[in-house]
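> Quick one, fold the following:
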Amino acid sequence: MVQYLLGTTSSAFGETQPSKPLPPLPEPQSAPDVPSVALVQHSSSASSAPVDLPGSLSSQSNNTTGRTPTNPLNRGLNPFSCEFCHSRPKLFDGPKLHPYCGKTCASRAKKKNAKELTNGRARRQGMIIGAQPHIAAVKCRISDCQSPVYTNANGLPGKYCSMAHKILEENFCIMCLQAPKAIMSHFCSQGCADKVESGAPAILENPAGHITSGLHRLDPTDPDYGNLERQFIGGWQHPHKMKTRVRAVFRIVSPPSFYTDYFQHRDRILGDVSDGFPSEQLLFHGTNRACSLGEDGASTDLCQRPDCYLCSIIRNSFDITKCGTKNRFHRFGTGIYTTSVSSKADDYVQNVYGNMTTRALLLNRVIIGNPGRLTHNATNLLSPPTGCHSVIGEPGVDLKYEETVVYNNDAIRPAFLITYGEEVAVSKPKLKLRAVIKMLLNAPLVTHT
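A predicted model of the protein is given here:
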């Protein structure tokens, strides 16, 4: 048998000339004429009897004699013929019998198997490639979203119903879905991370897909509250300003589309940053407030007043074209100004109607990238210096306190609102020492009745 195979196969995986089909093996004279199924069942009793190979079809036969075959080699496809073309013998190179006659059939079989595998996966996902327009609907991966996923021109479904929900899952906290993830984290805050660790249930005040701009007040026990409070107090550097206290901290909740351009801008500068990751910081910005937003813990609704810049920024983010609306002097040109010094940002805070007991300051996510550091005024700037993404004004010559300027609306988004101010202390009236002495001297020592 080996000699026969060696004589009919090629020694390399090249194109081979069609070979003559294998002649049927002679039937043993002593073998009883029984159905082939019985021979297969008992083939293990004889060590020389070959076994059925996968893929052989018992309904087909290479028998040309017209007799009922009784040997397994004569049933169905020849086990020594190529498993793809079934017309040429398998390649036998000495130690190994290959399943195909050469490279061509091996390559075609590989492509066929890959296509069958792809179709199998598609069927499991509820669709068949090419079977349009009927495609089983698959829901968006975002919880609470019942919309079907987006399907491209080739009929392949995605994972989300829209780009907004794709950005939501990729960039927003996996716990609350209300705020972007912190840098190098899956969560927006330590509070959300702790909830996952403890297994505590969470309530989504703004379910995914139904988020509108607004405020969510942080509990003073929330780790983020303490971190932001320390940042505010540590940034209060003006010596002539009385120390103040934080009254409340709010997280700004926005729809996913609010951050779409911001994240795309961050991705664009990713490769330009020297340390391999875009420098992103939380910086303060002060502006006008013409309503009671944040005045007490319950005041979280945004107003529509045109002179309330605070609500406008929270709702629509920053607009560089509004630069100079309040102050005509631009130390580093036309840009959006922020600072790490909370007492400096406080200089620009104004309660328009003056009947508020607190002041409100925005804390923003700002993409710094590679900053250009300046110590002198550069009032004509419209963009950062070449190779830079922002400008940092360093104290020294023309500046007393640090400030950071970005020149792209997509480089900044409001993240938190901090309200602060001294509480009105109710104290007992103090009598002057001289008045006390006079009162004591004028009082009679003995009362006459």
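
> got the residue ranges for the strands in the stretch 151-300 of the chain?
Using DSSP state E, counting those that start in this stretch, the strands of the stretch 151-300 of the chain run over 214-217, 246-253, 280-285, 288-289.

> Pick the most deeply packed of these.
strand 288-289 (a mean of 24; mean count of other CB atoms under 10 Å). C-beta here means a position set from N, CA and C on the backbone, and glycine is covered the same way.

> CA atoms of the helix or strand following it as CSV?
Sequence-wise, the next helix or strand downstream of strand 288-289 (DSSP states H and E) is helix 309-316. Extracted C-alpha coordinates of helix 309-316, given in CSV (Å, rounded to 0.1, in the frame of the first residue of the first chain):
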residue,chain,number,x,y,z
TYR,A,309,-22.9,83.1,32.1
LEU,A,310,-22.7,80.3,34.7
CYS,A,311,-25.7,78.4,33.5
SER,A,312,-24.8,79.0,29.9
ILE,A,313,-21.4,77.4,30.4
ILE,A,314,-22.8,74.4,32.3
ARG,A,315,-25.4,73.9,29.5
ASN,A,316,-23.3,74.6,26.4
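
> Can you list the neighbours in contact with helix 309-316?
213, 215, 252, 285, 287-291, 293, 302-305, 322, 325-326, 360, 362, 414, 417 (CB atoms under 8 Å, 6 or more residues apart in numbering).

> Give me the neighbour count for the closest residue to Ser81 other than its chain neighbours.
The spatially closest residue to Ser81, leaving aside those adjacent along the chain, is Pro89, at 6.0 Å (CB to CB, 6 or more residues apart in numbering). Neighbour count for Pro89, taken as other CB atoms under 10 Å: 22.

> Pro89 and Gly102: what is the separation?
Computed as CB to CB, to the nearest Å, the Pro89 to Gly102 distance reads 10 Å.

> Pull the contacting residues for the residue lying closest to Lys159 once chain neighbours are set aside.
Once flanking residues are discounted, Lys159 sits nearest to Arg141: 5.0 Å by CB to CB, 6+ apart. Counting by CB under 8 Å, 6+ apart, Arg141 makes contact with Val149, Lys159, Tyr160, His165, Glu169.

> what's the distance between the residue nearest to Ser81 and Ser390?
Pro89 is 72 Å from Ser390, by CB to CB.

> Then Leu97?
To Ser390, Leu97 is 68 Å away according to CB to CB.

> try Asp346
Relative to Ser390, Asp346 is positioned 22 Å away (CB to CB).

> More neighbours: which of the two?
Legend: neighbour count by other CB under 10 Å for Asp346 and Ser390, higher for Ser390 (28 against 20).

> For the strands of the stretch 151-300 of the chain, could you give me TSV that also reports distance to Arg268?
Shown next, in TSV, are these (distance: least, CB to CB, whole Å):
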stretch	distance to Arg268
strand 214-217	29
strand 246-253	24
strand 280-285	14
strand 288-289	32
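
> what about these, which gets the closest to Asn377?
The closest of those to Asn377 is strand 280-285. By CB to CB, the value is 20.1 Å.
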